[in-house]
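1. Please work out how this folds:
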Amino acid sequence: MQFEISDLLFAGFPKFALRELDKKYGIEFFYEFGKDYYWDNEVVAWGKRSLSIHGPCVAINLADKKCKNYGKVFAKTFAYAKKIKAGFVVVHTNEAWQGEREQVQNLVIRRLRTVVELGEQYGVKVLIENVGLRPKQSLLFDLPEFMALLELFPEAGVLLDTGHANVNGWDIPAVVKTLGKRLVACHLHDNSGLGDEHLPIGQGSIDWEAYFKAIKKHAPKAIQVLEYCRGFESAAGLEQHIEELKEKYNL
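-> Sure thing, here's the model as predicted:
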């Protein structure tokens with residue numbers, strides 16, 4: 001089972017800790033938070049390993065009709081992904097939204113089509129992530145709607161975010177089974193079910209035994225991206241944590 005580490009855990013000056021991470025672990029990074037020269041330096045320092053990119057999700061919101069430059073921003077993201085031979089780029093359907101639900105959904109679908117087509121032009125794999133949180137009223141696509149959305153984009157892959165799924169009450173092992181081999185990667189983080197806390201595995205309410213059992217059976221090649229925002233200050237501590245996960249869940 002392949003693991004990657006999101007740089008969400010090492011934002012700012014702590015980012016240098018990623019340089020010490022064993023090369024067998026990949027890195028997923030938020031490209032929108034740095035210039036190309038910044039990432040060029042880090043990619044060299046990280047050395048030869050698997051890399052992936054989290055697409056823009058702060059400056060870009062596909063559900064906001066006032067956000068007109070999404071195509072240009074995604075094109076730049078895909079160009080860099082192609083340059084570094086990233087395995088995939090993660091795309092959010094939406095952030096906060098307002099208006100008539102169906103109209104906003106249709107807007108996102110039209111824009112996603114543009115984004116997915118851009119990804120194909122650059123030869124980059126696009127993964128659509130389940131986002132939105134019911135308690136914050138930002139859930140635009142519930143589970144049946146998300147599954148229907150994916151049917152519109154068979155050329156795209158899927159990234160399952162366990163934290164978002166838990167907050168929204170999804171049966172995570174059942175979702176893994178349904179997605180099967182189409183599930184290219186997963187964002188792993190825990191929470192209490194009340195908010196998007198990005199806690200380390202085991203510190204929230206997710207049934208990880210059931211999750212990993214489903215992954216091993218239905219999507220064994222899906223990349224497991226640890227998307228924590230707290231809990232570890234060094235690469236060594238994180239590596240030990242992963243080894244403990246492997247032993248505990250027989251990965």
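2. Poorly predicted segments of this protein, please.
-> Nowhere does the chain drop to pLDDT under 70.
3. which one's the longest helix in it?
-> helix 101-122 (DSSP state H).
4. what residues does it touch?
-> 62-63, 65, 70-71, 74-75, 78-79, 81-82, 89, 91, 93-94, 97-98, 125-126, 128, 140-141, 145, 149, 152-153, 155-156 (C-beta atoms under 8 Å, 6 or more residues apart in numbering). Yep, even glycine has a C-beta here, placed from its N, CA and C like the rest.
5. change it to 6 Å
-> Contacting residues not belonging to helix 101-122 are listed as 62-63, 71, 74-75, 78, 82, 91, 93-94, 97, 126, 153, 156 [C-beta atoms under 6 Å, 6 or more residues apart in numbering].
6. Quick one: list the elements packing against the following helix or strand past it.
-> Next along the chain after helix 101-122, taking DSSP states H and E as the criterion, comes strand 126-129. The contact analysis (3 or more C-beta pairs under 6 Å, 6 or more residues apart in numbering; DSSP states H and E) places strand 126-129 against strand 89-92, strand 157-161.
7. hmm, who's touching strand 126-129?
-> For strand 126-129, the surrounding residues in contact (C-beta under 6 Å, 6+ apart) are 88-92, 116, 119, 156-159, 161, 184-185.
8. most packed of the helices and strands packed on strand 126-129?
-> Sort the helices and strands packed on strand 126-129 by mean neighbour count, taking mean count of other C-beta atoms under 10 Å, and strand 89-92 sits at the top with a mean of 26.
9. gap between that strand and the chain center?
-> With C-alpha atoms, centre = their mean, to the nearest Å as the basis, strand 89-92 stands 6 Å off its chain's centre.
10. Strand partners (parallel or antiparallel) of it?
-> If you go by DSSP bridges, strand 89-92 pairs up with strand 51-54 (parallel), strand 126-129 (parallel).
11. For the last one, buried residues please.
-> What it means is strand 126-129. 126-129 (16 or more other C-beta atoms under 10 Å).
12. could these go into JSON lines alongside distance to residue 104?
-> Shown next, in JSON lines, are those (distance: C-beta to C-beta, whole Å):
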{"residue": "126", "distance to residue 104": "20"}
{"residue": "127", "distance to residue 104": "22"}
{"residue": "128", "distance to residue 104": "16"}
{"residue": "129", "distance to residue 104": "17"}
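13. that older thread, for the helices and strands packed on strand 126-129, give me CSV that also has distance to residue 178.
-> Listed next are the helices and strands packed on strand 126-129 as CSV, based on distance: least, C-beta to C-beta, whole Å:
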stretch, distance to residue 178
strand 89-92, 20
strand 157-161, 10
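14. out of those strands, nearest to residue 40?
-> When the helices and strands packed on strand 126-129 are compared by C-beta to C-beta, strand 89-92 sits nearest residue 40, at 17.4 Å.
15. got a list of contacts for the closest one?
-> 53-55, 57, 81, 115, 124, 126-129, 131, 159.
16. Could you export it as PDB, CA atoms only?
-> What follows is strand 89-92, C-alpha atoms only, in PDB (Å, rounded to 0.1, in the frame of the first residue of the first chain):
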ATOM      1  CA  VAL A  89      -4.100  16.700  -9.400                       C
ATOM      2  CA  VAL A  90      -6.900  16.900  -6.800                       C
ATOM      3  CA  VAL A  91     -10.000  19.000  -7.700                       C
ATOM      4  CA  HIS A  92     -12.700  20.300  -5.400                       C
END
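17. for the strands paired with strand 89-92, which one sits closest to residue 229?
-> Residue 229 sits nearest to strand 51-54 of all the strands paired with strand 89-92, at 13.0 Å, using C-beta to C-beta.
18. what residues does the closest one touch?
-> With C-beta under 6 Å, 6+ apart as the contact definition, strand 51-54 has outside contacts at 27-28, 30-31, 81, 84, 86-90.
19. could you dump the residues you listed to CSV with distance to residue 212 and secondary structure?
-> Shown next, in CSV, are these (distance: C-beta to C-beta, whole Å; DSSP: H, G, I helix; E, B strand; the rest coil):
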residue, distance to residue 212, secondary structure
27, 22, strand
28, 19, strand
30, 26, strand
31, 29, helix
81, 28, helix
84, 29, helix
86, 25, coil
87, 21, coil
88, 21, coil
89, 25, strand
90, 21, strand
